[in-house]
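> Got a sequence here, can you model it:
(4 chains)
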2 protein chains.
Amino acid sequence: MPKVGMEPLRRRALIDATISAIGERGSLDVTMSEIAGRAGVSSALAHHYFGAKDELLQATMRRLLADLGRDSIGALCRASTPRERISAVIAVNFSAGQFREETIHAWLAFYVEAQKSTALRRLLRVYARRLNSNLLSGLLALMPRGEALRMAEAIAAMIDGLYIRRALKDGLPNPASAAALVEDFVETKLRQVTTAR
Amino acid sequence: MPKVGMEPLRRRALIDATISAIGERGSLDVTMSEIAGRAGVSSALAHHYFGAKDELLQATMRRLLADLGRDSIGALCRASTPRERISAVIAVNFSAGQFREETIHAWLAFYVEAQKSTALRRLLRVYARRLNSNLLSGLLALMPRGEALRMAEAIAAMIDGLYIRRALKDGLPNPASAAALVEDFVETKLRQVTTAR
DNA sequence: TTTTGTTGATTGACCAGTCAATGAAAAATA
DNA sequence: TATTTTTCATTGACTGGTCAATCAACAAAA
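Numbering: from 1, shown residues only, chains lettered A, B, ... in the order given. Just a heads-up that it's a prediction; the model follows:
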């Protein structure tokens, strides 16, 4: 049965299993056995491929980041105006791929874990910085620098806030209305800036 | 040494210790011994007064909620116009008492734990609902109901988002600029609504 | 002497991480 | 081609440690 070249497959399966386990439990304290079981292997194998548990967790976080990054790049490429870039960033964060219970739980759990683990904190900072710069790539063309910087922070905070609030309500999946809330904010603010004095 | 009437003192001390332990660790997995040690008692005593660990955690969460509630009521009483009520709510959430690393870490950790514990989830819902209704108590006088509802959600999300983002940056305590961000949003939106067509 | 406060010691469960052993493909060798 | 050897994949069983929870016992008021 065993064949060569299993490693990448197993790694992927273990990371998938980690995300779904975290998503289901709603927190990071899932056991290696639980994760391994979901991936259809023994816990020893999980340790074989990832070493310690935090390495698996870091790999999982990196995967989440990579997925979001990929989606973001795709959406930004499809945008042709600065205004569209802003909408693209917002849309990605509330897209079907990202705004799932599983994913949201995982992000939230990692946020907490990042308070303990410097490695995870560094990864989360990457996320925050990237979100910020993606937003700025649109905002800077539409308003003065200072205004754009503050606006980016506000939008980012609102997105994160909607994520975490989403985690509280179970059974109410309305990514569209969440995105609309942010869009409305952007729209209002843009009108104010362009109409100014 | 032992005197009568220790119970309320111990309970308070243990809850205080729980908050500071969580704040320092940055997550909920602090041991009963750790908490008890900080409170200057044995872990057995903590169990004696609180029973199981989750009861202590729930009591801690309730304390956090109560503190925020008390502050909110105070601030709202001091506000005389609807517009001031909105600012009061924002100010409380970023006040020195609430916007501390310790408190923020605790809130964040509880957010995650609430995914597992229905009791904690219920408590967090209380918080969310109260924040919402406090905001609405000002907003409803200034704009149409539908608009006010959406606005309340947006403000609440932004506040929560700024909280969680604050947890990421260490050593950068700027509650004032965070509050200013929210205030600016409110101001902009209000101008739009009142100037409208 | 009963109640209240308090603890050290212990238990039982759980879990991350290790290791030695097994089986099966691939590569090397005859 | 037939064989041996090496490498890869995989696991069950075990270990050491941690921690929540319990309990029996002790001390000091009331």
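
> what about the helices in chain A?
Per DSSP state H, chain A carries helices over the ranges A:6-25, A:32-39, A:43-50, A:53-77, A:82-93, A:101-113, A:118-139, A:145-168, A:175-195.

> mind listing what's buried in the second one?
By that I understand helix A:32-39. Within helix A:32-39, the residues scored as buried using 16 or more other CB atoms under 10 Å in any protein chain shown are A:Met32, A:Glu34, A:Ile35, A:Ala36, A:Arg38, A:Ala39. (Glycine included, C-beta is placed from N, CA and C.)

> what do you get for the last one?
In terms of neighbour count (16+ other CB under 10 Å), helix A:175-195 has its buried residues at A:175, A:178-179, A:181-186, A:188-190, A:192-193.

> Out of the buried residues of helix A:32-39, the closest to DNA strand D would be?
Ranked by distance to DNA strand D (CB to the nearest atom of the strand), these are led by A:Ala36 at 7.2 Å.

> Next, work out how far apart the closest residue to A:Val193 other than its chain neighbours and A:Leu136 are.
In this structure, A:Val193 finds its nearest non-sequential neighbour in A:Met143, 4.7 Å apart by CB to CB, 6 or more residues apart in numbering or on different chains. Distance, A:Met143 to A:Leu136, using CB to CB, to the nearest Å: 11 Å.

> so what's A:Arg129 up against?
If a contact means CB atoms under 8 Å, 6 or more residues apart in numbering or on different chains, then A:Arg129 has no contacts.

> ok, it to A:Arg122 distance?
Counting by CB to CB, the separation of A:Arg129 from A:Arg122 is 11 Å.

> For A:Asp54, which non-adjacent residue is closest in space?
A:Ser117 (6.3 Å).

> from memory A:Arg11 sits against A:Leu56, does it?
No: look at A:Arg11 against A:Leu56 with CB atoms under 8 Å: they stay out of range, at 9.2 Å.

> Could you list the low-pLDDT ranges of chain A?
A:1-3, A:171-173, A:196-197 (pLDDT under 70).

> Around DNA strand C, which positions in it sit nearby?
A:1-4, A:30-33, A:43-44, A:47, A:51-54 (CB under 7 Å from any atom of the strand).

> Show the buried residues in those residues.
A:Val30, A:Met32, A:Ser43, A:Lys53.

> For the residue lying closest to A:Leu142 once chain neighbours are set aside, the count of nearby residues, please.
Leaving aside its chain neighbours, A:Leu142 sits nearest to A:Pro82 (5.4 Å; criterion: CB to CB, 6+ apart). Using other CB atoms under 10 Å in any protein chain shown, the number of residues around A:Pro82 comes to 14.

> What residues does A:Pro82 make contact with?
A:Ser137, A:Gly138, A:Leu139, A:Leu140, A:Ala141, A:Leu142.

> Neighbour-wise, give me the winner out of the residues you listed.
In these, the most neighbours by other CB under 10 Å go to A:Leu139, 28 neighbours.

> ok, so what distance separates the closest residue to that residue other than its chain neighbours from DNA strand C?
Closest residue to A:Leu139 apart from its sequence neighbours, by CB to CB, 6+ apart: A:Ala148 at 4.0 Å. Counting by CB to the nearest atom of the strand, to the nearest Å, the gap from A:Ala148 to DNA strand C is 43 Å.

> Assess the claim that A:Ala148 and A:Leu142 are in contact.
Yes: here A:Ala148 lies in contact with A:Leu142, judged by CB under 8 Å, at a distance of 7.4 Å.

> returning to that earlier point: what residues are up against the residue nearest to A:Val193?
By CB under 8 Å, 6+ apart, A:Met143 lies in contact with A:Met151, A:Leu190, A:Val193.

> Can you lay out those as JSON lines showing distance to A:Arg62?
Compiled in JSON lines, these are given as follows (distance: CB to CB, whole Å):
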{"residue": "A:Met151", "distance to A:Arg62": "29"}
{"residue": "A:Leu190", "distance to A:Arg62": "34"}
{"residue": "A:Val193", "distance to A:Arg62": "37"}
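
> out of the residues you listed, who's nearest DNA strand D?
For those, the minimum distance to DNA strand D (CB to the nearest atom of the strand) is 43.2 Å, reached by A:Met151.

> Burial check on the closest one, number of neighbours?
Neighbourhood size, A:Met151 [other CB under 10 Å]: 26.

> quick one: the closest residue to it other than its chain neighbours from B:Arg125, how far?
Setting aside the residues directly before and after it, A:Met151 is nearest to A:Leu139 in space (CB to CB, 6+ apart), at 5.5 Å. Distance from A:Leu139 to B:Arg125, counting by CB to CB: 34 Å.

> same deal with A:Ala88?
Distance, A:Ala88 to B:Arg125, by CB to CB: 33 Å.

> Same question for A:Ile86.
In terms of CB to CB, A:Ile86 sits 32 Å off from B:Arg125.

> Who has more neighbours out of these two?
Neighbour totals were compared for A:Ile86 and B:Arg125, and A:Ile86 leads with 27 against 13 (other CB under 10 Å).

> can you tell me which residues contact the residue nearest to the more buried one when sequence neighbours are not counted?
In space, A:Ile86 comes closest to A:Gly138 once its chain neighbours are excluded; the distance is 4.0 Å by CB to CB, 6+ apart. Counting by CB under 8 Å, 6+ apart, A:Gly138 makes contact with A:Ala79, A:Pro82, A:Arg83, A:Glu84, A:Arg85, A:Ile86, A:Ala88, A:Val89.

> Run a quick neighbour tally on the closest residue to the last one other than its chain neighbours.
In other words, A:Val89. Residue nearest to A:Val89 in three dimensions, not counting chain neighbours: A:Asn134, with 4.8 Å by CB to CB, 6+ apart. Applying other CB under 10 Å, we find 24 residues neighbouring A:Asn134.

> cool, and A:Ser95?
16.

> ok, now the one 10 residues further on?
With neighbours defined by other CB under 10 Å, the count for A:His105 comes to 23.
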